[in-house]
Structures are given as structure tokens and as C-alpha cells.
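Visitor: Predicted model and sequence below, questions to follow.
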Amino acid sequence: MRRLTFNIFRYQPALPGDKPRVQTFFVDETPGMTLFIALNRIREEQDPSLMFDFVCRAGICGSCGMLVNGRPRLACKTLTETLPKKITLFPLPVFKLIGDLSVDTGTWFRNLSLRTEAWIHTDKEFDPGAQEERMDNETALRIYEAERCIECGCCIAGCATANIHENFLGAAGINRVARFMLDPRDQRNDRQYFEVVGSAEGVFGCVGLMACDDNCPVGLPLQAQLAFVRRKMALAGLKKL
């Protein structure tokens, strides 16, 4: 059994006089221990003021994203046995810090939804009594693949462009746009999508390092989504010229 050393970023902006620092904790490793379990033990047994987020504990809600030895990961999906004895935890960059390891991803993703107009655009009048529109299985599966995003923020935190330019939509935004491009119920054309994502703040701001693809905890094909949207936007841009 290993004795793990946790070096954890501590800072609560709302607490007057508090200053950023790193605090060290020691935890005895147990079989099957995740970072979520270790952090709960620290909070329950050593320091109840430690702040971090969790909801589902099953890699579904995306709440427990943090930097684990410099890499964005979900605490609930990361086994301590896959890490060295010394573990450094920092909050995800880009997002507003709430305190310690807790960040506000909700405001960021709500703004993303508004910027990408993430809803079905149609001039059809809604009929609550009508049958649901059918689509072929291949299209439905491609939409479902994009919908698997849990909005954890790991792709954004690991993105070089998002860390430099605060208005960059990032892989999460491009994936969101791809989802509606694929949906036959959405009546927007490529030119209208170009106004949303065809800029340096959108699909043309990506520098191609693909850290988003490497860091996605649910394995979304973000590289493929980027290529799909970029091709369509490049053609739409040429048509505008």
C-alpha cells in the first residue's frame, strides 16, 4: 500500500485576505481508489474547507474536472494507481475560479449555447399532437455521438487557443455546431452557420494541436468534428467571396 502525497491548489477568492497557495496532504492508498475518493477522505478526515465539485461520481455529469499533474481529467474516473505517488491538483484554467479546485463551467457553457444558437431553427409551427419526425439510423447515431458531450470543460482547459483567447468557442463549441449541422430538422444553411463559427473565434482559430481530442474523458471524435465543420465553413467562405 502506497502513501500518496497530494499537493493541492488552495484559494478562495470570496474569502477576504486569502491568497493562492499549495497545501500538502497525505492519504493511504486503497484498492480501486479514485481521485474523487481520495479528495473526499481529505475533506472528511483532514480539512473540511477543501472545495471541489462532484454530482454523479460516474463520469456522466462532468463536474469534477481538474488538472491532474498538469492534465485535464475527471477525478471520479481517474484511479490513483495510474498516477505516481506525488499528485498535484489544480483547478481547470479558462473558467472562473470559485474556490480551490472548483470552477464555474456552467456560465461558460450557457454562453456557448447562446453564441452557437444551440437549438433547432425551423419555420415549422410546433404541433404537440404530431408524431416525432423520423430520421435514418446513421444520421441519428452521428447526432447522438455529438450529444455525448458532458460539458466537463476538459477539452477547453487543454486547448492552447482557449487559454489565450477568451472568446474562442473551442472543441465543445465546434462539436455543438456540428450536432445541429447534422440535424435534418435544422433549417439553417452553411452561410448562416458561417456567421456563427466561421471566424478566428470559431473553427479557424484552432491551431491543430488536438489536445481536446486527447483529453476528452468520454472519447468524443473531436478531431473528426473539427474537420467536418472546417470543410463546410471553408466552402461557405469561398462562396461568399
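Guide: Nice, thanks for sending it over.
Visitor: List the buried residues in stretch 147-155.
Guide: Of the residues in stretch 147-155, those buried by neighbour count under the rule 16 or more other Cβ atoms under 10 Å are 149-155. (Glycine included, C-beta is placed from N, CA and C.)
Visitor: swap that for stretch 20-30, please
Guide: By 16+ other Cβ under 10 Å, the buried positions in stretch 20-30 come out as 25, 27, 29.
Visitor: Next one: the first one, what pLDDT does it get?
Guide: Confidence at Phe25, expressed as pLDDT, is 98.
Visitor: before we move on, the earlier item: so which of the buried residues of stretch 20-30 belong to helices?
Guide: The helices in this structure, assigned by DSSP state H, contain none of those.
Visitor: Tell me which of those residues fall in strands.
Guide: Among the buried residues of stretch 20-30, DSSP state E puts 25, 27 in strands.
Visitor: Output the helix or strand hosting Glu138 in PDB, but only the C-alpha positions, please.
Guide: Using DSSP states H and E, Glu138 sits within helix 137-147. Listed in PDB are the C-alpha atoms of helix 137-147, where the atom choice follows Å, rounded to 0.1, in the frame of the first residue of the first chain:
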ATOM      1  CA  ASN A 137     -30.300   5.500 -38.100                       C
ATOM      2  CA  GLU A 138     -26.900   6.700 -39.400                       C
ATOM      3  CA  THR A 139     -27.800  10.300 -39.000                       C
ATOM      4  CA  ALA A 140     -29.400   9.700 -35.600                       C
ATOM      5  CA  LEU A 141     -26.200   8.000 -34.400                       C
ATOM      6  CA  ARG A 142     -24.000  10.800 -35.600                       C
ATOM      7  CA  ILE A 143     -26.100  13.300 -33.800                       C
ATOM      8  CA  TYR A 144     -26.100  11.100 -30.700                       C
ATOM      9  CA  GLU A 145     -22.300  10.900 -30.800                       C
ATOM     10  CA  ALA A 146     -22.000  14.700 -30.700                       C
ATOM     11  CA  GLU A 147     -24.700  14.800 -27.900                       C
END
